[in-house]
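Chemist: return atomic coordinates for the entry below.
(one chain, ligands or ions: 1)
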Amino acid sequence: MEQFEHVACTVCGCVCDDLRVTVEEGRISKCEGACRLAEPWFLSQGDHRPPVALIEGQPVSLDTAVVRAADILRAASSPLIYGLSRSSTDGQRAAVALGERIGATIDTTASLCHAPSVVALQEVGEVTCTLGEVKNRADLVIFWGSNPVASHPRHFERYALLPEGRFIPGGRADRTLVVADVKPTPTTEIADIFLPIEPGSDFEVLTTLRCLVRGIPVKAASSSGAPLAMLEDLAERMKTCRYGIIFFGLGLSMTGLGHHNVAALLLLVGDLNNYTRFCARKMRIPGDVTGADMVLAWQTGYPFSVNFARGYPRYNPDEFSAQGMLEREEVDACLLVGSEGVARFSEKALAYLRRLPIIALDYPPVESLIVPTIRFTTAVYGIHRPGTAYRMDGVPIPLRSFLHTAYPSDCDVLNMIVDRCMEDRSLYKLMEVK
Ligand code: SF4
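Modeler: Okay, the predicted model is just below:
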């Protein structure tokens, strides 16, 4: 029996790095500190052992599958690489390298989650902080359009609400928790203040709050679901707290014109810094979606929806988002680095994707809405392979390996495909005419 301390979990964007894992006879037998989402994931590692590669459902060798995958990508004039949020820095870098070599469009699951938030911060800026600052300083904690009790079970315990911090010695007793949402949730049940919002009215509520913070009179009661008296009280609390934070989720960014909602929130937070210290942070869901943003940004200059067809990176979320390109039938082959993200595609995009040659790189167990032409089974970062995952606040967390596997990592497979493509010089001719 072996025990491993300080193991990081990549099931959600909290990337908790305080787990203790017990390994017996090559399997994880115990995972202390894991929440109800993480524990079954850790304990099921090793339950499924699909072949390393399948072509049209038939087991083949890794090399055979790599050759076929390179052939598919070489024949494509508009390949798409999508996913990346369950990978790690090495895999994400390898995916960008492949995308650049073959003139592909590369997009991440962020384009169907917090893309509007990224666009908003590009427009109006963002006042940010680490989760460590929140733990040590925040006395007013607001969640907007997010239900962390369900989606990030240890967020309260580790960062936002319960821990004692350097300037928050009383922990929970020293914090006020406000939750703004369109309906009661398990998170609103434990809030000190629940701010009800009419669906589709976030922008109005945030703009009203901004007026109140600036001292601009608001005469009429808002029809946004949030009573004016509550908004006046919240504006006063925001101005007079010592350190405030708003965590916002997909309930804000994926409703209506999400980037305008998020921009209104970021502008409100900016205004509050005239009175006190206030920050905003996205509640990221998959374990390393923040890492995918980071790697694409430092490799290409842009965080998602990047196109290499002209040999240099171009960014345009409307034009190069995976879903948009699939709906417009502008893709002729697709490589998925983690295929579970396709579940968020529209029916139209999914229907077209199913008609394409698809190469999928997936962790076991493989559960997906699509049947790929070629499927590679890859090792799991943080279980079988070391790596790096970026926590939702952009802090890189090292991932350990503590189980053996014969599966290659997604980085290994992607590098093999790049090498195979590079062997064939005709690829360069292909790129010249794109
Ligand atoms: S809160 Fe998220 S990162 Fe932490 S243990 Fe649970 S699933 Fe893993």
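Chemist: and the residue of the stretch 101-250 of the chain nearest the ligand?
Modeler: Nearest residue of the stretch 101-250 of the chain to the ligand: residue 154, at 3.6 Å (CB to the nearest ligand atom). Any C-beta I mention is one placed from the backbone N, CA and C, and that applies to glycine too.
Chemist: residues near that residue, how many?
Modeler: Residues near residue 154, counting by other CB atoms under 10 Å, number 21.
Chemist: got the contact list for it?
Modeler: Shown in contact with residue 154 (CB atoms under 8 Å, 6 or more residues apart in numbering): 14, 16, 35.
Chemist: next one: residue 272
Modeler: With CB under 8 Å, 6+ apart, residue 272 has these contacts: 213, 238-239, 244, 278.
Chemist: counting neighbours, which of these comes out on top?
Modeler: Going by other CB under 10 Å, residue 244 tops the contacts of residue 272 with 27 neighbours.
Chemist: ok, then the element right after the helix or strand containing residue 135?
Modeler: Secondary structure from DSSP states H and E places residue 135 in helix 131-137. Downstream of helix 131-137, the first helix or strand assigned by DSSP H and E is strand 140-144.
Chemist: output that following strand as PDB, nothing but the C-alphas.
Modeler: Output in PDB follows, covering the C-alpha atoms of strand 140-144 (Å, rounded to 0.1, in the frame of the first residue of the first chain):
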ATOM      1  CA  LEU A 140     -18.400  40.400   1.300                       C
ATOM      2  CA  VAL A 141     -18.700  37.400  -1.100                       C
ATOM      3  CA  ILE A 142     -21.200  37.500  -3.900                       C
ATOM      4  CA  PHE A 143     -22.100  34.700  -6.300                       C
ATOM      5  CA  TRP A 144     -23.900  35.800  -9.500                       C
END
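Chemist: what's the first helix or strand after that strand?
Modeler: helix 148-151.
Chemist: can you list the buried residues in that following helix?
Modeler: 148-149, 151 (16 or more other CB atoms under 10 Å).
Chemist: is that helix anywhere near the ligand?
Modeler: No. Against the ligand, helix 148-151 shows no contacts by CB under 6 Å from any ligand atom, the least distance being 8.5 Å.
Chemist: could you give the average pLDDT over the helix or strand following that helix?
Modeler: Counting by DSSP H and E, the next helix or strand C-terminal to helix 148-151 is helix 155. Averaging pLDDT along helix 155 yields 98.
Chemist: then stretch 362-372?
Modeler: pLDDT averaged over stretch 362-372 gives 81.
Chemist: report the buried residues of that stretch.
Modeler: 362-364, 368, 370, 372.
Chemist: ok, stretch 73-82 next?
Modeler: So stretch 73-82, judged by 16+ other CB under 10 Å, has buried residues 73-74, 76, 78-82.
Chemist: show me which of the buried residues of helix 148-151 is closest to residue 54.
Modeler: residue 151 (32.2 Å; CB to CB).
Chemist: check contacts around the closest residue to that closest one other than its chain neighbours.
Modeler: Among residues not flanking residue 151 along the chain, residue 285 sits closest, at 6.3 Å (CB to CB, 6 or more residues apart in numbering). By CB under 8 Å, 6+ apart, the residues touching residue 285 are 12-13, 113, 151, 250.
Chemist: end-to-end on stretch 275-290?
Modeler: End-to-end distance for stretch 275-290: 30 Å, by CA to CA, to the nearest Å.
Chemist: same thing with stretch 356-376?
Modeler: 17 Å.
Chemist: wouldn't residue 162 be in contact with residue 156 here?
Modeler: Yes. With contact defined as CB atoms under 8 Å, residue 162 counts as touching residue 156 (5.5 Å).
Chemist: any shared contact partners between those two?
Modeler: Contacts common to residue 162 and residue 156, judged by CB under 8 Å, 6+ apart, are absent.
Chemist: settle it for me: which of these two has more neighbours?
Modeler: In terms of neighbours (other CB under 10 Å), residue 156 is the more surrounded of residue 162 and residue 156; the figures are 20 against 14.
Chemist: residues in contact with the closest residue to residue 248 other than its chain neighbours?
Modeler: Nearest in space to residue 248, with sequence neighbours left out and distances taken as CB to CB, 6+ apart, is residue 144 at 4.4 Å. Residues in contact with residue 144 (CB under 8 Å, 6+ apart) are 179-181, 202, 246-249, 251-252, 265.
Chemist: out of these, give me the one that has the most neighbours.
Modeler: residue 202 leads those on contacts (other CB under 10 Å) with 31 neighbours.
Chemist: residues contacting it?
Modeler: Contacts of residue 202 by CB under 8 Å, 6+ apart are 144-145, 180, 252, 255-256, 261, 264-265.
Chemist: 7 Å - rerun?
Modeler: 145, 252, 255, 261 (CB atoms under 7 Å, 6 or more residues apart in numbering).
Chemist: output the helix or strand containing the second one as PDB, restricted to C-alpha atoms.
Modeler: Right, residue 252. Per DSSP H and E, residue 252 falls inside helix 250-253. Extracted in PDB, the C-alpha atoms of helix 250-253 (Å, rounded to 0.1, in the frame of the first residue of the first chain):
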ATOM      1  CA  LEU A 250     -22.700  30.700 -16.800                       C
ATOM      2  CA  GLY A 251     -26.000  32.000 -15.400                       C
ATOM      3  CA  LEU A 252     -24.700  35.400 -16.200                       C
ATOM      4  CA  SER A 253     -22.400  34.800 -19.200                       C
END
